[in-house]
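Peer 1: Predicted coordinates and the sequence they were generated for:
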Amino acid sequence: MIPVHVTAAKNTKSVVVLMTKIKSANDLNAIKEAARIITEGGLVAFPTETVYGLGADALNSEACKGIFEAKGRPRDNPLIIHIADMESLLNIVEVPGHKANKLMEKFWPGPLTLIFTKKTTVSDVISGGLSTVAVRMPDNEAALSLIKEAKTPIAAPSANISGRPSPTTAGHVKSDLDGKIDMILDGGNAVVGLESTIVDLSGTVPMLLRPGAITLEMLEDILGTVEIYPEIIFEDDKAPKAPGMKYRHYAPKAELTVVISKRKARISKYIRQKIGEIGGTCAILASQEDLEKYKNLKTYSLEPETLFAALRQIDKDGIKRVFVHGLDDTGINRAMMNRLRKASSGDIVDLDTVLFVCTGNTCRSPMAEAIWDSFKTGCLAKSCGIAVAPGSTLNENARKTLEIKGLSLQGFTSRQLTKNDVEEASVIFCMTKVHAEYVKQMTNDMWKVYTLSEYAGESETDISDPFGSELDIYEVCAKELETLISKIIENRNKKSL
Ligand code: TXA
Ligand code: MG
């Protein structure tokens with residue numbers, strides 16, 4: 001920030017003004033003043049179509065350092081450079097490839113950031129020491145005029161204190177950065193409301209680093225296959241491709257739990273029940289369509305344009321616990337769920353667990369659990385027994401059989417089936433008819449209890465107990481389990497587990 005000194009009347013001492021001025025982004029004079037601040041090395045928050053950015057002259061590394069200071073941003077989290085024309089691009093990056101050209105033609109100006117090999121004009125302050133730099137052309141008149149007027153590319157992260165939800169109004173910027181930056185250009189509500197999509201084209205397959213309003217489906221239409229970079233939800237010391245991904249983000253002060261299931265009714269039942277238990281200061285964040293399931297409870301609408309505003313409001317309202325009624329990962333929902341999973345710091349309840357049941361929970365059902373999880377369906381398996389001997393654990397031959405398949409069940413101990421296990425499972429696979437009859441007596445939801453062979457659409461046969469047998473009998477048992485499980489997974493979408 002450029003310190004502003006005002007000489008008070010009859011007082012020679014100057015005082016530093018701690019209020020940041022806010023001016024209308026529709027006022028050309030304000031844009032000119034903002035551009036002057038940028039060229040003088042100051043910091044200006046400005047509207048873009050995604051979220052507000054905190055801008056500094058991208059060619060002035062001292063000014064860019066100020067961004068990190070004002071936001072409290074870790075130095076290894078690089079900035080995005082904003083440009084207003086294609087000539088500026090070639091001053092800062094090496095010649096873009098064919099795929100990048102196609103994307104820029106289609107989506108610029110717009111909410112898409114591309115990772116390029118940087119030229120030496122871009123300092124390490126911006127790139128966080130990487131050899132690449134992120135660039136985008138925003139689709140917002142005020143942002144484009146500011147960049148043109150300043151005659152320099154503008155480096156800008158989102159204009160929030162690090163870790164807070166990104167700002168979608170000038171008021172959000174003010175509440176985070178007042179007194180720390182020189183000026184805020186007020187351009188009203190950001191129309192998109194979520195930060196830009198980030199795509200890295202440096203590998204053989206394009207990689208989606210951060211989902212946004214340019215959706216995976218839109219990218220696939222142009223690029224064919226696009227890989228999705230694994231989401232990093234927990235803070236850790238790994239070095240992800242987009243360094244910013246490793247930091248806690250978007251987090252409201254309230255504890256936030258994301259609840260997901262393929263069946264919406266399960267989600268609302270779970271959330272209503274939890275709120276019933278916790279009482280008071282809880283709220284639900286759900287799409288307009290899902291909100292009607294929560295009449296008489298405190299709710300916030302889950303829409304891309306207002307997601308960040310809602311997270312801020314939740315804190316203002318003193319909410320202590322928020323449940324997110326999870327959406328599927330299609331279109332723009334993927335971007336919303338990405339931000340919310342990060343805001344949850346990993347507190348994600350996936351209600352789509354399948355439960356395998358046998359007698360002692362030492363052989364058949366644990367092997368089934370490990371085999372199911374090896375298919376990585378996103379729907380996790382659990383296993384229990386109906387008559388578990390205290391202190392039981394995985395049978396040695398079952399362990400060896402799994403090991404031969406490259407599978408393991410680390411830290412496994414056998415568990416006696418409880419009413420709660422039955423309640424929480426979305427479907428229960430029993431090894432024999434006797435087990436199924438037993439489990440059905442524990443629940444009113446008898447429809448969700450099957451023998452494994454029955455659910456796989458085979459003639460109903462029991463999986464016999466290998467307990468006490470040689471290893472080869474265990475292997476036969478595992479093979480039988482694997483055949484049935486792979487059939488079930490093939491049919492999975494039809495039966496919408
Ligand atoms: O929509 C947006 O992108 C907004 C507006 C202001 O343009 N900006 C924004 O910036 O969201 P920021 O700093 O909050 O997020 C930038 C992300 C970070 O996760 C950062 O790690 C990643 O971009 N990034 C920057 N340079 C990168 C690079 N060279 N390679 C990979 N990721 C990079
Ligand atoms: Mg940010």
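Peer 2: Received, thanks. Ligands and ions are numbered 1, 2, ... in the order given.
Peer 1: Go through the host helix or strand of residue 477 and flag the buried ones.
Peer 2: Assigned by DSSP states H and E, residue 477 falls within helix 471-495. Of all the residues in helix 471-495, those buried under the rule 16 or more other CB atoms under 10 Å are 473-475, 477-478, 480-482, 484-485, 487-489. For every residue, glycine as well, the C-beta is placed using N, CA and C.
Peer 1: Likewise for stretch 302-310?
Peer 2: Neighbour-count burial for stretch 302-310, counted by 16+ other CB under 10 Å, picks out 302, 304, 307-310.
Peer 1: Going along the chain, name the strands of the stretch 51-200 of the chain.
Peer 2: Assigned by DSSP state E, counting those that start in this stretch, the strands in the stretch 51-200 of the chain fall at 53-57, 80-82, 112-117, 132-136, 154-155, 183-186, 197-200.
Peer 1: and the third one, how far out from the chain's middle?
Peer 2: A distance of 20 Å separates the C-alpha centroid of strand 112-117 from that of its chain, computed with CA atoms, centre = their mean, to the nearest Å.
Peer 1: May I see the buried residues of it?
Peer 2: 112-116.
Peer 1: I figured residue 149 hits residue 31, correct?
Peer 2: Yes - the pair residue 149 / residue 31 is scored as a contact, 5.6 Å apart, by CB atoms under 8 Å.
Peer 1: The two: who's more crowded?
Peer 2: Each of residue 149 and residue 31 has its neighbours counted (other CB atoms under 10 Å); residue 31 has more, 24 against 18.
Peer 1: Which pLDDT value does the model give the nearest residue to the more buried one once chain neighbours are set aside?
Peer 2: Nearest non-adjacent residue to residue 31, counting by CB to CB, 6 or more residues apart in numbering: residue 145, 5.1 Å away. pLDDT, residue 145: 98.
Peer 1: ok, residue 145 - how many residues close by?
Peer 2: 19.
Peer 1: cool, and residue 221?
Peer 2: By other CB under 10 Å, 11 other residues sit near residue 221.
Peer 1: Kindly reformat the strands of the stretch 51-200 of the chain as a markdown table containing mean pLDDT and distance to residue 401.
Peer 2: Output for the strands of the stretch 51-200 of the chain, formatted as a markdown table (pLDDT from 0 to 100; distance: least, CB to CB, whole Å):
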| stretch | mean pLDDT | distance to residue 401 |
| --- | --- | --- |
| strand 53-57 | 98 | 56 |
| strand 80-82 | 98 | 51 |
| strand 112-117 | 97 | 45 |
| strand 132-136 | 97 | 46 |
| strand 154-155 | 98 | 56 |
| strand 183-186 | 98 | 64 |
| strand 197-200 | 98 | 41 |
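Peer 1: could you dump these to TSV with distance to residue 402?
Peer 2: Formatted as TSV, the entries for the strands of the stretch 51-200 of the chain read as follows, by distance: least, CB to CB, whole Å:
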stretch	distance to residue 402
strand 53-57	51
strand 80-82	46
strand 112-117	40
strand 132-136	42
strand 154-155	51
strand 183-186	59
strand 197-200	37
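Peer 1: want to throw the ones you listed into TSV with distance to ligand 1?
Peer 2: TSV is the format used below for these (distance: least, CB to the nearest ligand atom, whole Å):
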stretch	distance to ligand 1
strand 53-57	3
strand 80-82	5
strand 112-117	5
strand 132-136	3
strand 154-155	9
strand 183-186	12
strand 197-200	5
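Peer 1: Identify whichever of these lies nearest to residue 388.
Peer 2: Minimum separation from residue 388 across those (CB to CB) falls at strand 197-200, 48.4 Å.
Peer 1: helix or strand right after the closest one?
Peer 2: Next element after strand 197-200 (DSSP H and E): strand 207-210.
Peer 1: And residue 383, its phi and psi?
Peer 2: Note on residue 383: backbone dihedrals following degrees, to the nearest 10 are phi -140, psi 150.
Peer 1: is it true that it touches residue 363?
Peer 2: No - using CB under 8 Å, residue 383 is not in contact with residue 363; the gap is 10.2 Å.
Peer 1: circling back to that earlier point, any residues touching the helix holding residue 477, and which ones?
Peer 2: Identification of contacts with helix 471-495 by CB atoms under 8 Å, 6 or more residues apart in numbering yields 363-364, 367-368, 371-372, 375, 377, 395, 397-398, 400-402, 404-405, 429, 452-453, 455-458, 463-464, 466.
Peer 1: next one: the helix or strand containing residue 420 to chain centre, how far?
Peer 2: For residue 420, the host element (DSSP H and E) is helix 419-424. Centre-to-centre, helix 419-424 and its host chain are 29 Å apart (CA atoms, centre = their mean).
Peer 1: got the CA positions of that helix in CSV?
Peer 2: The C-alpha coordinates for helix 419-424 follow below in CSV (Å, rounded to 0.1, in the frame of the first residue of the first chain):
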residue,chain,number,x,y,z
LYS,A,419,-28.5,-51.3,14.8
ASN,A,420,-26.7,-48.1,13.9
ASP,A,421,-24.5,-49.9,11.2
VAL,A,422,-27.7,-51.2,9.7
GLU,A,423,-29.3,-47.8,9.8
GLU,A,424,-26.3,-46.0,8.2
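Peer 1: buried residues in that helix?
Peer 2: Within helix 419-424, the residues that qualify as buried are 421-422, counting by 16+ other CB under 10 Å.
Peer 1: Give me the sheet partners of the very next helix or strand once past that helix and which way each runs.
Peer 2: Following helix 419-424 in sequence order, the next helix or strand is strand 427-430 (DSSP H and E). The strands beside strand 427-430 in its sheet (DSSP bridges) come out as strand 354-358 (parallel), strand 449-451 (parallel).
Peer 1: How about strand 427-430, which residues are buried there?
Peer 2: Within strand 427-430, the residues that count as buried by 16+ other CB under 10 Å are 427-430.
Peer 1: With distance to ligand 1 and pLDDT added, can I get those residues in CSV?
Peer 2: CSV is the format used below for the buried residues of strand 427-430 (distance: CB to the nearest ligand atom, whole Å; pLDDT from 0 to 100):
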residue, distance to ligand 1, pLDDT
427, 38, 92
428, 41, 96
429, 41, 98
430, 46, 98
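Peer 1: Could you single out the nearest of these to residue 81?
Peer 2: If you rank the buried residues of strand 427-430 by distance to residue 81 using CB to CB, residue 427 comes first, at 49.8 Å.
Peer 1: And the closest one, how close does it get to residue 366?
Peer 2: Between residue 427 and residue 366 the computed distance is 18 Å (CB to CB, to the nearest Å).
Peer 1: okay, and for this structure, where does confidence drop off?
Peer 2: 3-18, 232-249, 378, 492-497 (pLDDT under 70).
Peer 1: can you tell me which residues contact the residue most central in space within it?
Peer 2: By CA atoms, centre = their mean, the chain has its centre lying nearest to residue 338, at 1.9 Å. Residues near residue 338 by CB under 8 Å, 6+ apart: 210-211, 231.
Peer 1: how about the strands in the stretch 301-450 of the chain?
Peer 2: 321-325, 348-350, 354-358, 381-385, 427-430, 449-451.
Peer 1: for the ones you listed, which one sits closest to residue 439?
Peer 2: The closest of the strands of the stretch 301-450 of the chain to residue 439 is strand 449-451. By CB to CB, the value is 4.9 Å.
Peer 1: Which secondary structure elements does the next helix or strand after the closest one sit against?
Peer 2: Scanning forward in sequence from strand 449-451 by DSSP H and E, the next helix or strand is helix 452-455. The contact analysis (3 or more CB pairs under 8 Å, 6 or more residues apart in numbering; DSSP states H and E) places helix 452-455 against strand 427-430, helix 471-495.
Peer 1: So which bits of the chain are right by ligand 1?
Peer 2: Counting by CB under 6 Å from any ligand atom, the residues of the chain close to ligand 1 are 48, 50-51, 53, 77-80, 111, 113, 115, 127, 130, 132-134, 138, 156-158, 195-196, 198, 209, 241-245.
Peer 1: Cheers, nothing more for now.
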